[in-house]
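In: next input, structure requested:
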Amino acid sequence: MRAVIHKDKKGYNGLTFVEDFREPTPKEGEVKVKLKTAGLNHRDLFVLDRHNPDDPPFVIGSDGAGTVEQVGVGVTDFLPGEEVMINPGLYWERLSDAPPEGFEVLGFPNNGTFADYVIIPASAVVPKPDYLSWEEAGVFSLAALTAYRALFTRGKLKEGMNVFIPGIGSGVATFLLQFAKAQGANVYVSSRSEEKRRRAVELGAVQAVDSEGDWSQEFGRAKMDLVIECVGAATFNKSLDTLRKGGTIVTFGSSTGDEIEIDLRKFFYGQFNMLGSTMGSGEEFSAMLDFIQTHRIKPIMDRVYPLHKYQDAFDRLQEANQFGKIAFTIS
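Out: Sure, this is the predicted structure:
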């Protein structure tokens with residue numbers, strides 16, 4: 001089968017497109033999905049440095065949508081031909097404070113979705129919402145689930161709250177904006193790109209500020225109840241400065257660096273709350289699907305590439321030129 005795999009070399013240089021990768025067969029409790037589309041995430045960049053080139057090649061990719069091709073023994077909820085979407089968060093079924101032991105994300109170390117077929121546990125397969133196109137369904141799950149848990153489970157988002165999203169433009173950030181608006185929050189964002197700031201306002205942001213500016217001054221008297229941080233070292237302390245006393249910052253990413261320095265006195269006098277978040281449980285995935293279907297939320301689509309043009313897609317993601325989600329068409 002056709003696939004984008006990682007082998008032989010560390011990092012991005014180890015990626016290659018092949019047409020003869022072994023086609024998988026489902027075992028007991030598993031489903032084989034013939035993929036129509038898949039979605040590109042920043043995770044697909046990070047795992048390339050975690051995979052040992054001496055280990056067997058693997059198919060990257062976490063998001064995807066397609067039709068059921070075959071089911072393993074014991075699977076009764078799905079039949080061949082059904083249109084489905086994939087939850088890439090594996091073995092985390094019940095809502096909990098943190099992922100359980102054994103939690104994995106599809107696409108490393110297991111084979112992922114940048115291929116003609118993927119094998120996944122039946123519990124990670126859901127019917128595709130009818131109102132989503134194949135391209136939209138293929139990019140939805142990882143980013144939307146991450147945004148949902150960060151906002152609702154961890155951030156306790158309520159109507160009327162002021163929410164700040166630094167670094168608007170990524171798939172998760174555009175879901176955060178749409179989810180928070182649908183919940184009746186006042187959403188503020190930042191970006192270095194004037195075009196991305198303009199588009200965020202068109203999507204309903206109250207204000208979009210320059211990432212290089214003085215956010216506290218630009219927001220004026222508006223203080224944030226909640227900040228959802230995924231940028232990391234470059235913005236973390238500036239984000240803290242936008243919070244009201246007693247406000248909450250939720251972090252799920254660190255694309256500009258993992259280590260930061262915090263003024264502890266300012267932090268405890270401010271009575272701030274800092275929470276970590278990552279992905280989400282199966283129960284949160286179901287709640288997220290209910291939410292997006294109630295509000296008819298669709299992913300913001302950036303560009304769609306055929307799978308063999310994966311290099312163009314990765315380059316666009318690495319250069320942070322995208323606004324929303326990047327998709328691959330497969331079949």
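In: buried set for the lowest-mean-pLDDT helix or strand in the chain?
Out: One helix or strand of the chain scores below all others by mean pLDDT, DSSP states H and E: helix 215-219, with a mean of 88. Buried residues in helix 215-219, counted by 16 or more other CB atoms under 10 Å: 215, 219. The way it works is simple: take the backbone N, C-alpha and C, and place the C-beta from them, glycine included.
In: now do it: which elements does it pack against?
Out: Contacts defined by 3 or more CB pairs under 8 Å, 6 or more residues apart in numbering; DSSP states H and E place helix 215-219 against strand 207-210, helix 236-241.
In: so for the next helix or strand after that helix, mean pLDDT?
Out: Sequence-wise, the next helix or strand downstream of helix 215-219 (DSSP states H and E) is strand 224-229. Averaged across strand 224-229, the pLDDT comes to 96.
In: the closest residue to Lys325 other than its chain neighbours and Val304: what is the separation?
Out: Spatial nearest neighbour of Lys325, chain neighbours left out: Val139 (3.8 Å); criterion: CB to CB, 6 or more residues apart in numbering. For Val139, the distance to Val304 equals 9 Å [CB to CB, to the nearest Å].
In: likewise for Gly276?
Out: Applying CB to CB, the value for Gly276 to Val304 is 33 Å.
In: re the thing from before, tell me the pLDDT at the residue nearest to Lys325?
Out: Here, the pLDDT recorded for Val139 equals 98.
In: what about it, how many neighbours?
Out: Neighbour count of Val139, defined by other CB atoms under 10 Å: 29.
In: got a list of what it touches?
Out: Applying CB atoms under 8 Å, 6 or more residues apart in numbering to Val139 gives the contacts 37-40, 63, 171, 299, 301, 325-327.
In: nearest residue to Asp285 in space, please, no chain neighbours.
Out: Just so we're on the same page, residue 285 is Phe rather than Asp. Distances taken as CB to CB, 6+ apart put Asn87 closest to Phe285, at 4.9 Å, once the chain neighbours are dropped.
In: can you check Leu157 too?
Out: Leaving aside its sequence neighbours, Leu157 sits nearest to Leu151 (CB to CB, 6+ apart; 4.6 Å).
In: longest strand of this protein?
Out: Looking across the chain with DSSP state E, the single longest strand is strand 30-40.
In: what mean pLDDT does that strand get?
Out: Per-residue pLDDT values over strand 30-40 give a mean of 98.
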